[in-house]
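Undergrad: Predicted model and sequence below, questions to follow.
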Amino acid sequence: MTPVYLPSQHASLHDLPDDPDTLRTVLADAVTKAIVGQRPDGNLEDPSADDDIGDMTLGVVSLFCLAWHRDDRRDAELVGAARRGVDFFLAHRVFRTDNPGEPFLRVRDSGLPYVRYLPAAGEHPFGDWPSTVWALLHAVNVLDLGRALLTDQQYAELTEVAVGFWRWLTEASLFNPQQTANQAIGAVVGGLTLGRHLRARSGAQDGDRIIAEAMSWYDTEIRSSRLVDRGLRLPAEHGAGHDQNYLPISLTFLARAFQVSGEQCFLDDGDEIARYLQGRLSSRGFDFGGPRYSEQHCGCEGMLGLRLFSTRIGADIGRYLGDRRVAYYCATTAGVPSGHFAFATVWFWLDDHRWHRGATDAVVHTRHSLRQGRTSVSLTDQLTPYLIDAGDTAVIESIVDHQHGIGPLVRYPDGQRVLLTRPLGPMRTRECTGDRLGAKLVTKAVVTRDQVMLAVQQLFVSDGSGLHVVTVLDRTALPADTEVTFLAGLPYATAEGARQRKIVEVVEPGGVPFDLGRPDQVLTTTGALVAGGMAVTAGSGLRVINPPAGRAHVNSPQTIGLTQEQVAFDLTDDPRGYGNPDAGWRRVALTNLVLADRIADAPADLAVFVVRYGPAADVTEARPLPCSARRTADGVLVRTRDFTALIGDPAGDAQGEPVLRVTTP
């Protein structure tokens, strides 16, 4: 079939060159193309754009101002293009009559200026609030950087319009009507910057008032509404916290808010987001999930925040796989700047922070992740693995009968299946680092269908190249007629150059490709499977079971050609762009199941599973992973070729703390 690519996850943003010569060349090219493409009336919009139009021209003008400010260009052609652009914007993109159908106005016929998402009356007024935020951000950048480019009249009129934008956002309209935190924080940045500008130019009274209003909105409407995920507070994005596209954008707005205001709260809140991303992102910067976009990644919009806060928390969150199509500025397919995210371009060019980069072989522990080299495992709030990365390939959570995760799976004689990953009460962890290894042990109490509680212990061991997952549980706590296997996750995406390609087939080493989209088919192996650049190797048998046909099954004939995000949007209540892909993903009933059997060389009363995720080049033969397990006075001793691990009794030591010792042979 035609290869399926994730559209906006390409390569790590911190690998983009950001040296002065590169930035100078990029900006010069953008400015030249914009001037060439400017229409006679001064319009700098992308003629093929069908949304986010109202703020485009002013955004491109801000790029002209940036080039002027940097002394890259100070010629009559640039001055003329900037002035024509401002004239067009003021004459044709600033509206003072209400947009028909606007549902969120608090004051009708206010006469205050605003910018429309689409210029025609009544077309998508829902987008006017963020478009006005964006226009305000462009306006204050033009006022700060382009004083010498504009005429006195233009400068005075743009100042008056910027003040009107702030009043429309906060007085005429409901604040943050889309319940979208990044837009709301952006509005606060616009207010803070405008207030600072007014205080410097025309006295303190108006400037101080707007600054106070901006801080009040941030405290009462944004900060107080944050949601807790994995122990960290996140701004609420479309009714939830984390969103793949918008969270790094919020980080950029917080970075700029601090630069403008010096207020510590913006740093504190950004630190929490940065630490959250550090634990969530895979070793390569892959991730999915969010209430608005599940897999879409930003480009230039997130770079300032990721770079500034990577330095603050000492973590390489710049590994985030960004959208290289909008790496430095928001460009059209023809390469002409649209200007939509030009404020982020301006801020990034003016910032002198550097990316933080940790040692490539260092072991990095967070509460919800283990990462070393090109290998990682990321855990949910319930400490269930949902993302494993190795061999430049991502395995995401499997879904079986609407249950999500990677872990032990029980199948009862009547066909019901229960995934033993949901904790019943507090969870405990133990971490250790040494002998070139990093390890994390998670101990959970779970409950079976028969209301029997048992402990599940999952150990993750990384050597920087591969990741072992060892799972131990009491087999006698389950009925003898049940089948117990390990659900090893769904091979999902693999790197192909600077793109991520969806995995649609797997293969046993030396075998023929197995199509993941053929309904109800089964592949049985001796213990090894290659998926993209990854080899999944088990200590016993390993098989793949494809789901039946159906749009709620991944990968069925109906969904094999769709990305995770597309499947999720297809199952939401509302159309793409308005539906909640996280909710849609929860409606997936079944995915392909990669199932590993218990290892044979282990006590009969235990179910012990050992699975390794590593580069495909490491596996040349279809055979199981050599491993064994035995009881000792201190717990269960698991041996593999790469390490020996002592997993203590689930009850822990005398203080109830988990016991873990990991050594190399």
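TA: Yep, it's here.
Undergrad: mind listing the strands in the stretch 251-400 of the chain by residue range?
TA: 321-322, 363-366, 369-372, 375-379, 385-390, 393-396, 398-400 (DSSP state E, counting those that start in this stretch).
Undergrad: For the last one, name the packing helices and strands.
TA: It refers to strand 398-400. On a contact count with 3 or more C-beta pairs under 8 Å, 6 or more residues apart in numbering; DSSP states H and E, strand 398-400 meets strand 590-591, strand 593-596. In this view, the C-beta of every residue, glycine as well, is placed from N, C-alpha and C.
Undergrad: what does the first one contact?
TA: When you say that, I think you mean strand 590-591. Residues outside strand 590-591 that contact it (C-beta atoms under 8 Å, 6 or more residues apart in numbering): Ser398, Ile399, Val400, Asp401, Leu490, Pro547, Pro548, Ala552, His553, Val554, Asn555.
Undergrad: what's the most distant pair in these?
TA: Across these, the longest distance by C-beta to C-beta is 16.7 Å; it joins Asp401 and Asn555.
Undergrad: Which of those two has more residues huddled nearby?
TA: More crowded of Asp401 and Asn555, by other C-beta atoms under 10 Å: Asn555, with 26 against 12.
Undergrad: follow-up on the earlier one: return the closest of the contacts of strand 590-591 with respect to His14.
TA: Nearest to His14, judged by C-beta to C-beta, of the contacts of strand 590-591 is Leu490 at 27.9 Å.
Undergrad: How about the contacts made by Glu508?
TA: Phe514, Leu523, Thr525, Thr526, Ala528, Leu529, Val530, Ala622.
Undergrad: so how many other residues sit close to the fourth one?
TA: Using other C-beta under 10 Å as the criterion, Thr526 is surrounded by 15 other residues.
Undergrad: what pairs with Arg543 across the strands?
TA: With DSSP bridges as the criterion, Arg543 is bridged to Thr524, Leu595.
Undergrad: low pLDDT regions in the stretch 351-500 of the chain?
TA: Scanning the stretch 351-500 of the chain for pLDDT under 70 picks out no residues.
Undergrad: Which helix in the protein has the most residues?
TA: helix 181-202 (DSSP state H).
Undergrad: quick one on the thing from earlier: quick check, nearest of the contacts of strand 590-591 to Asp450?
TA: Nearest member of the contacts of strand 590-591 to Asp450, counting by C-beta to C-beta, is Asp401, at 17.1 Å.
Undergrad: who touches the closest one in this structure?
TA: Contacts of Asp401 (C-beta under 8 Å, 6+ apart): Gln416, Arg417, Ala589, Leu590.
Undergrad: So which of those is surrounded by the most neighbours?
TA: Leu590 (21 neighbours).
Undergrad: Once you drop chain neighbours, what's closest to that residue?
TA: In space, and not counting its chain neighbours, Leu590 is closest to Pro547: 4.3 Å by C-beta to C-beta, 6 or more residues apart in numbering.
Undergrad: One more: Asp653?
TA: That would be Val659: by C-beta to C-beta, 6+ apart, it lies 5.5 Å from Asp653.
Undergrad: Which residues lie in contact with that neighbour in this structure?
TA: Val659 neighbours (C-beta under 8 Å, 6+ apart): Arg430, Asp634, Gly635, Leu646, Ile647, Gly648, Asp649, Gly652, Asp653.
Undergrad: Low-confidence ranges, this structure, go.
TA: Checking the chain against pLDDT under 70 turns up 203, 332-336.
Undergrad: Just to check, Phe460 is in contact with Gly466?
TA: No: here Phe460 lies out of contact with Gly466, judged by C-beta atoms under 8 Å, at a distance of 11.2 Å.
Undergrad: returning to what we had before: of the strands of the stretch 251-400 of the chain, flag the one that's most buried.
TA: Mean neighbour count (mean count of other C-beta atoms under 10 Å) peaks for strand 393-396 among the strands of the stretch 251-400 of the chain, with a mean of 29.
Undergrad: in this structure, which spans are helices?
TA: 20-37, 56-69, 76-92, 128-145, 152-167, 181-202, 204-217, 246-261, 264-280, 300-313, 342-350, 564-570, 581-586.
Undergrad: Run the chain-centre distance for the fourth one.
TA: Pointing back at helix 128-145 there. 26 Å (C-alpha atoms, centre = their mean, to the nearest Å).
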